[in-house]
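*Asks:* I would like the atomic coordinates for the input below:
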Amino acid sequence: MRRLESVLGRLVKQSLGLSKLSHNTALLKALNIEKIEDIVNRNVLSLYNRIFKVNYMESNCTS
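*Replies:* Next comes the predicted model:
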């Protein structure tokens, strides 16, 4: 996750023409860019939710 955050920070800095020494966290926060970890966690929870909905629907249809 940290590596993805680092790559994201570098890409943003390159696209804005900023120094490599700028801090990623403050920059990403100022640009209102969500942390990779938060995005992954939300998507994992969403996936689990969809899996359980499908399993629940399948178990009710076979009853």
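
*Asks:* any low-confidence regions in this protein?
*Replies:* Low-confidence segments of the chain, defined by pLDDT under 70: 62-63.

*Asks:* Mind listing what's buried along stretch 37-56?
*Replies:* The neighbour-count check on stretch 37-56 (16 or more other C-beta atoms under 10 Å) flags nothing as buried. Backbone N, C-alpha and C define where each C-beta goes, glycine included.

*Asks:* actually stretch 3-10, sorry about that
*Replies:* So, applying 16+ other C-beta under 10 Å, buried residues of stretch 3-10: 5, 8-9.

*Asks:* Next: stretch 20-33.
*Replies:* Buried residues in stretch 20-33, counted by 16+ other C-beta under 10 Å: 24, 27-28.

*Asks:* Narrow those residues to those in helices?
*Replies:* Applying DSSP state H to the buried residues of stretch 20-33, the entries found in helices are 24, 27-28.

*Asks:* I'd like these as TSV, with distance to Asn55 appended.
*Replies:* Listed next are those as TSV, based on distance: C-beta to C-beta, whole Å:
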residue	distance to Asn55
Asn24	39
Leu27	42
Leu28	36
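
*Asks:* So which of those is the closest to Leu16?
*Replies:* Leu27 (8.2 Å; C-beta to C-beta).
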